[in-house]
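Participant: Just need the structure, nothing else, for what follows:
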Amino acid sequence: MKRLILVAAVLLAACQEEKAEAPPPADLTDMALSYFCQMNVAEHGGPKGQIHLEGHPQPLFFAQVRDMVAYLKSPERDADITAIYVSDMGVAPSWDSPGISNWIAADTATFVVGAGVAGGMGAPEIVPFARLQDATDFAERFGGHPVRLEDIPDEAAIGAVDLDQPLETPL
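Facilitator: Numbering: from 1, shown residues only. The predicted structure is shown next:
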């Protein structure tokens, strides 16, 4: 009996010591579909996002970072988030080709909100950068202001879209 208790205690301690490691970002492939609209993510320009969920082997992809942030702000999720990645637009080849593997952890990124630029689905975009200076330069050129992920205002992701507002597509 003592041996059984000792084995149970060791197993319990081992379980408590296990720490879930964040999965690495997945490359963007032609097979990736946007979570909300189920359209091919690679066919749309602008920055992308991916969210990894506990117990799910594949990440959820988003054709716009705005959509990814809307998902994060939604209370209707059925699994814990293990990792969040966004395109680093500071090293993206172009707006139309944001890259397949230039992912950065969203909690380390700086996002430009309010820039008046169109994302992949045509709505105003929240633009991520690994370097604060890249975000600041982008904001000086296209408007908006840099913020951290936790400081993105709700209306930037889940607010109504003004269809009469002209939006730029950065080159």
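Participant: use CA for all of it now, contacts and neighbours both
Facilitator: Fine.
Participant: How far off centre is stretch 51-59?
Facilitator: 13 Å (C-alpha atoms, centre = their mean, to the nearest Å).
Participant: Check stretch 123-139 too.
Facilitator: 13 Å.
Participant: now swap in stretch 147-160 and tell me
Facilitator: Stretch 147-160 sits 13 Å away from the centroid of its parent chain (C-alpha atoms, centre = their mean).
Participant: can you give me the helices for this protein?
Facilitator: Per DSSP state H, the chain carries helices over the ranges 2-17, 65-73, 132-142, 154-158.
Participant: In PDB, list the C-alpha atoms belonging to stretch 136-148.
Facilitator: The C-alpha trace of stretch 136-148 is given here as PDB (Å, rounded to 0.1, in the frame of the first residue of the first chain):
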ATOM      1  CA  THR A 136       6.000  53.800 -35.700                       C
ATOM      2  CA  ASP A 137       7.300  54.300 -39.300                       C
ATOM      3  CA  PHE A 138       4.100  52.700 -40.600                       C
ATOM      4  CA  ALA A 139       1.900  54.800 -38.500                       C
ATOM      5  CA  GLU A 140       3.700  58.000 -39.600                       C
ATOM      6  CA  ARG A 141       3.100  57.000 -43.200                       C
ATOM      7  CA  PHE A 142      -0.500  55.600 -43.000                       C
ATOM      8  CA  GLY A 143      -1.900  57.100 -39.800                       C
ATOM      9  CA  GLY A 144      -3.000  55.300 -36.700                       C
ATOM     10  CA  HIS A 145      -0.900  54.500 -33.500                       C
ATOM     11  CA  PRO A 146       1.100  51.700 -32.100                       C
ATOM     12  CA  VAL A 147      -0.300  49.500 -29.300                       C
ATOM     13  CA  ARG A 148       0.300  46.200 -27.600                       C
END
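Participant: In this protein, which residue is most central in space?
Facilitator: With distances taken as C-alpha atoms, centre = their mean, G49 lies nearest the centre of the chain, 3.3 Å away.
Participant: who touches the nearest residue to that one once chain neighbours are set aside in this structure?
Facilitator: Nearest residue to G49, sequence neighbours excluded (C-alpha to C-alpha, 6 or more residues apart in numbering): V86, at 4.4 Å. Neighbouring residues of V86 by C-alpha atoms under 8 Å, 6 or more residues apart in numbering: P47, K48, G49, Q50, V65, W103, I104, A105, A106, P128.
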